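Q: Okay, here's the prediction I keep looking at, along with the sequence it came from:
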Amino acid sequence: MACVLALDEGTTSTRAAIFSEDGRTVASAAQEFPQLFPAAGRVEHDAVQIWRASREVIGQALGTASLTGADIAAVGITNQRETTVVWDAATGQPVHHAIVWQDTRGGEYVSMLADAADEIAAITGLPVNTYFAGIKLRWLLDNVPRLRQRAEAGEVLFGTIDTWLMWNLTGGTRGGVHLTDVTNASRTLLMDLSTGQWSERMCQLLDIPAACLPEIRPSVGHFGEVAGGQLLAGVPIAGVLGDQQSAAFGQCGFSPGDTKNTYGTGCFLLTNTGEQIRRSANGLVSTAAYQIEGQPLQYALEGSIAVAGALVQWLRDNLGLIRTADEVNDLAAEVEDNGDVFFVPAFSGLYAPHWRPDARGVLIGMTRFTSRGHIARAALEATAFQTAEVLDVMRRDSGYTIERIAADGGMSASDILMQFQADIAGCEVVRPQIIEATAAGAAYAAGLGTGFYPSQEELSSYWQTDASWQPQIAAADRQRLLARWSQAIERSLGWVES
């Protein structure tokens, strides 16, 4: 049978998922890879390890489905977005570990660009922050010996993870394509949001040699074919989307006002704004939603939250409070509420709507009454509180009332979290049958790019509800909880002095 395959390269794991002609998941395989923390505030990945894991999960997914490359009509790629790789064009070897989106190095460049912040926001739609790939690239150019000279000579290539995977899939040193799509490019601090192309002014401000940048393409269209000697040899790569835009695509959020929230390592609320760039006065970012080849670029407003599922991992790996991520729900269910305990997971500072790199994590409100259950519940609720903050400014900045959030990602499997999210956000929360919407979006884009899926309307017909939640608390209780959360946020600020 004919299928499409999505390669979903996330922050903590790589997944290959195969989808049928009617949008159903046929098979999937995933593999975690190590997180590297060389110093406080620094987060890295081994890009070679990511490429190895990608090949392995493709083989495992094909094996599970009893399929071969001949059964795959198209490949889609979705990826952690701002994570930055620079590699040698001749050898294919990275010149440094990949610098992950959570990494906070490069603060000196943020300070240097402070006076140009308004101009930069007008060009890119983004605030000046270490979160974005251009800052990470500038750090590499200034700190890896001779890298700047090599970049100017075209001897090294820059890319986000989509670019790295495409280059390797299409042949690497033997003719691999050096491409990205508009959604990933829009997260570099180097793309002109209105044109969908690299900005000469931003390259000048950040002192980035254009010779090392990939070509920007629409998200849905032809990127190249998988090179010979691989399991998917000859299969076209026809869809590429950054993970949050891919989740919105997988949720079929094709109309202005459609809003999704992905509960993954981080948490990302995204509202479609159509062909119009909506500017935020409250810490949201204007970004590319997707572009279909031959059609206008579509835009979105996004609120980015750095730590969501990563907090559950931290409880497991750093504190040993739980043995598996799922246990956090069992612990949280042992108590009726959070016992007035609040957890602000500002491990890498606070992202939207605060953008405060000086913040750090705070667990506050504990007494002798506090149990493991209260801490687990506070950890889950932290994601909902952060989302409610972003949703509040999203409503104001987008002009949409947003009475419904489509939820996806691993944490959306938690009924406790989903109910609390509806309560604290004051809106309906809907979970689809396919909660791995990120992989679905890449598959849908690739299928649309090859005609495997005939239209966006057809894709929308595949979307089905698994469960939904309505608010169950009084407005006064909601406001009391949000006020307490605001107090906890205030206590997290100003911890890092420089």
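A: Perfect, thanks for sending it.

Q: any idea which helix or strand comes after the lengthiest helix in the chain?
A: Ranked by residue count under DSSP state H, the longest helix found in the chain is helix 372-398. The C-terminal neighbour of helix 372-398 among helices and strands, as given by DSSP states H and E, is strand 404-408.

Q: which other residues reach the helix or strand that that next one is followed by?
A: The element immediately downstream of strand 404-408 (helix or strand, assigned by DSSP H and E) is helix 415-425. With contact meaning C-beta atoms under 8 Å, 6 or more residues apart in numbering, helix 415-425 is reached by 261, 263, 329, 332-333, 377, 380-381, 383-385, 387-388, 391, 405, 407, 411-412, 428-429, 431, 467, 469-473, 478, 481-482. Just so you know, the C-beta spots here come from the backbone N, C-alpha and C atoms, and that holds for glycine as well.

Q: tell me which residues in helix 415-425 are buried?
A: Along helix 415-425, the positions that meet the burial threshold by neighbour count (16 or more other C-beta atoms under 10 Å) are 416, 417, 418, 419, 420, 421, 422, 423, 424, 425.

Q: In contact with the residue nearest to residue 133 when sequence neighbours are not counted, which residues?
A: Using C-beta to C-beta, 6 or more residues apart in numbering and skipping the chain neighbours, the partner closest in space to residue 133 is residue 188 (4.2 Å). Applying C-beta under 8 Å, 6+ apart, we find residue 188 in contact with 82, 132, 133, 134, 137, 160.

Q: With distance to residue 398 and neighbour count as extra columns, can I get these in TSV?
A: Supplementary listing: the contacts of residue 188 in TSV, determined by distance: C-beta to C-beta, whole Å; neighbours: other C-beta atoms under 10 Å:
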residue	distance to residue 398	neighbour count
82	22	26
132	21	25
133	25	23
134	25	27
137	30	29
160	26	28
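
Q: Show me the shaky parts of the stretch 351-498 of the chain.
A: Within the stretch 351-498 of the chain, the segments meeting pLDDT under 70 span 498.

Q: Tell me how far the most far-flung residue of the chain relative to its centre lies from residue 407.
A: Distance from the C-alpha centroid of the chain peaks at residue 368, with 38.2 Å (C-alpha atoms, centre = their mean). Separation of residue 368 from residue 407 (C-beta to C-beta, to the nearest Å) stands at 36 Å.

Q: before we move on, what about residue 220?
A: Using C-beta to C-beta, one obtains 24 Å as the distance from residue 220 to residue 407.

Q: In three-state terms, label residue 145 for me.
A: For residue 145, the assignment made with DSSP: H, G, I helix; E, B strand; the rest coil gives coil.

Q: Kindly apply the preceding question to residue 343 instead.
A: With three-state DSSP as the basis, residue 343 sits in strand.

Q: And it, what's its pLDDT?
A: Predicted confidence (pLDDT) for residue 343: 96.

Q: so what's it closest to, chain neighbours aside?
A: Nearest in space to residue 343, with sequence neighbours left out and distances taken as C-beta to C-beta, 6+ apart, is residue 378 at 4.1 Å.

Q: Do I have it right that the one you found meets residue 364?
A: No - with contacts counted by C-beta atoms under 8 Å, residue 378 stays clear of residue 364, the gap being 9.1 Å.

Q: neighbours of residue 308, just the number please.
A: By the criterion of other C-beta atoms under 10 Å, residue 308 has 27 neighbours.

Q: actually residue 327, sorry about that
A: 15.

Q: measure it to residue 410 for me?
A: When C-beta to C-beta is applied, the distance between residue 327 and residue 410 equals 14 Å.

Q: Ramachandran angles for residue 41?
A: Summarising the backbone geometry of residue 41 under the convention degrees, to the nearest 10, its torsions are phi 80, psi 0.

Q: go on, the one 3 residues further on?
A: Here is the backbone geometry of residue 44 (degrees, to the nearest 10): phi -130, psi 160.

Q: Report the contact partners of residue 10.
A: The contact partners of residue 10, taken as C-beta under 8 Å, 6+ apart, are 79, 80, 243, 264, 265, 438.

Q: Considering those, which possesses the most neighbours?
A: Highest neighbour count within these, by other C-beta under 10 Å: residue 438, with 32 neighbours.

Q: Now do the SS call for it.
A: Following three-state DSSP, we place residue 438 in the helix state.

Q: surely it meets residue 7?
A: No - taking contact to mean C-beta under 8 Å, the distance of 10.9 Å between residue 438 and residue 7 leaves them out of contact.

Q: Need the residues touching each of those two.
A: Residues touching both residue 438 and residue 7 (C-beta under 8 Å, 6+ apart): residue 78.

Q: where do the strands sit along the stretch 201-350 of the chain?
A: Applying DSSP state E, counting those that start in this stretch to the stretch 201-350 of the chain gives strands spanning 215-217, 220-225, 236-242, 259-263, 267-274, 285-290, 298-305, 342-344.

Q: Residue 170: which of these is closest?
A: Distances from residue 170 to each of the strands of the stretch 201-350 of the chain were compared using C-beta to C-beta; the shortest belongs to strand 220-225, at 4.3 Å.

Q: what's the closest of the buried residues of helix 415-425 to residue 496?
A: Of the buried residues of helix 415-425, the one sitting nearest to residue 496 (C-beta to C-beta) turns out to be residue 424, at 27.8 Å.

Q: Report the separation between that closest one and residue 473.
A: For residue 424, the distance to residue 473 equals 8 Å [C-beta to C-beta].

Q: What of residue 458?
A: 39 Å.
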